[in-house]
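Enquirer: just need the structure, nothing else, for what follows:
(2 chains)
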Amino acid sequence: EAQVTQNPRYLITVTGKKLTVTCSQNMNHEYMSWYRQDPGLGLRQIYYSMNVEVTDKGDVPEGYKVSRKEKRNFPLILESPSPNQTSLYFCASSPTPDTQYFGPGTRLTVL
Amino acid sequence: QKEVEQDPGPLSVPEGAIVSLNCTYSNSAFQYFMWYRQYSRKGPELLMYTYSSGNKEDGRFTAQVDKSSKYISLFIRDSQPSDSATYLCAMSGRFGNEKLTFGTGTRLTIIP
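Expert: The predicted model follows:
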């Protein structure tokens, strides 16, 4: 089954404790991206990757890191999480940026 | 001013009604227009995809783009309770190399 998977689905952590949210796709897509979704602000892109070892900033990259060492994986790293990073996070992959397939989401709470 | 404006709703209509969802935008470079549907506790899924101005129909769904007015619409005919979801418009400037800009979403409820 073609899918995008994210782990964990739910995470509660404390300020400053490094965390990684994994994202994996089995569709051989070149394009992958991370979004955060907040009430009243909609979906905002954090980072995207056009291919292996090619990443670029989206609209709200501050406080986040990504890497793309393999085509199928695109982890999101929060080196020192803060409460304003409490949000719902979505990973997406696609053959082109405008027809994206979204993962199920990761709800992150930073205390 | 946001690049893409979308009425957040909520919008409640009776089953069988025609639903109209809309977005306006300010960036004249946008050429590709999409509608995503997001069920509660799920990721968005692509519903409709159109290029430039005009209409596109897919079953009960019709997407309209009016670039001169910078206005896009999604119509749902014979609405069903299963259509209850949040609908997000999205748009991009160039095929294959442009990030998406999303509206904030409209929450729709179809009342049986």
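Enquirer: quick one, phi/psi of the closest residue to chain A within chain B?
Expert: Nearest residue of chain B to chain A, counting by C-beta to the nearest C-beta: B:Gly43, 3.2 Å away. (C-beta placed from N, C-alpha, C; glycine too.) Backbone torsions of B:Gly43, given as degrees, to the nearest 10, read phi -80, psi 160.
Enquirer: that one contacts A:Leu88, correct?
Expert: No - in this structure, B:Gly43 is not within contact of A:Leu88 by C-beta atoms under 8 Å, at 9.5 Å.
Enquirer: which residues touch the residue nearest in space to the middle of chain A?
Expert: Closest to where the C-alpha atoms of chain A average out (C-alpha atoms, centre = their mean) is A:Trp34, at 3.2 Å. Going by C-beta atoms under 8 Å, 6 or more residues apart in numbering or on different chains, A:Trp34 touches A:23, A:45-48, A:58, A:64, A:66, A:74, A:76, A:89-92.
Enquirer: closest to B:Arg107 out of those?
Expert: Closest to B:Arg107 out of these is A:Phe90 (17.4 Å), distances taken as C-beta to C-beta.
Enquirer: partner strands of the helix or strand harbouring that closest one, parallel or antiparallel?
Expert: According to DSSP states H and E, A:Phe90 maps onto strand A:87-94. Sheet pairing of strand A:87-94 (DSSP bridges) gives strand A:31-38 (antiparallel), strand A:101-102 (antiparallel), strand A:106-110 (antiparallel).
Enquirer: any residues in contact with both of B:Gly43 and A:Leu88?
Expert: Listed as contacting both B:Gly43 and A:Leu88 by C-beta under 8 Å, 6+ apart are A:Gly105.
Enquirer: between these two, point out the one with more neighbours.
Expert: The neighbour count for B:Gly43 versus A:Leu88, taken as other C-beta atoms under 10 Å in any protein chain shown, is higher for B:Gly43 (22 against 16).
Enquirer: need the longest strand for chain A.
Expert: In chain A, taking DSSP state E as the definition, the longest strand is strand A:42-51.
Enquirer: CA atoms only: put the helix or strand just after that strand into PDB for me.
Expert: Using DSSP H and E, the next helix or strand after strand A:42-51 towards the C-terminus is strand A:54-57. Extracted C-alpha coordinates of strand A:54-57, given in PDB (Å, rounded to 0.1, in the frame of the first residue of the first chain):
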ATOM      1  CA  VAL A  54      18.900  18.600  -1.400                       C
ATOM      2  CA  THR A  55      16.900  20.500   1.200                       C
ATOM      3  CA  ASP A  56      15.600  24.100   1.500                       C
ATOM      4  CA  LYS A  57      13.800  26.300   4.000                       C
END
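Enquirer: next structured bit after strand A:54-57?
Expert: Counting by DSSP H and E, what follows strand A:54-57 is strand A:65-66.
Enquirer: circling back: can you tell me what sits against the strand holding A:Phe90?
Expert: Outside of strand A:87-94, the residues within contact range by C-beta under 8 Å, 6+ apart are A:4, A:6, A:21, A:23, A:25, A:27, A:29, A:31-38, A:43, A:46, A:74, A:76, A:100-103, A:105-108, B:43-44.
Enquirer: phi, psi of residue 67?
Expert: Because you didn't say which chain, this covers chain A. A:Ser67 adopts backbone torsions of phi -150, psi 150, taken as degrees, to the nearest 10.
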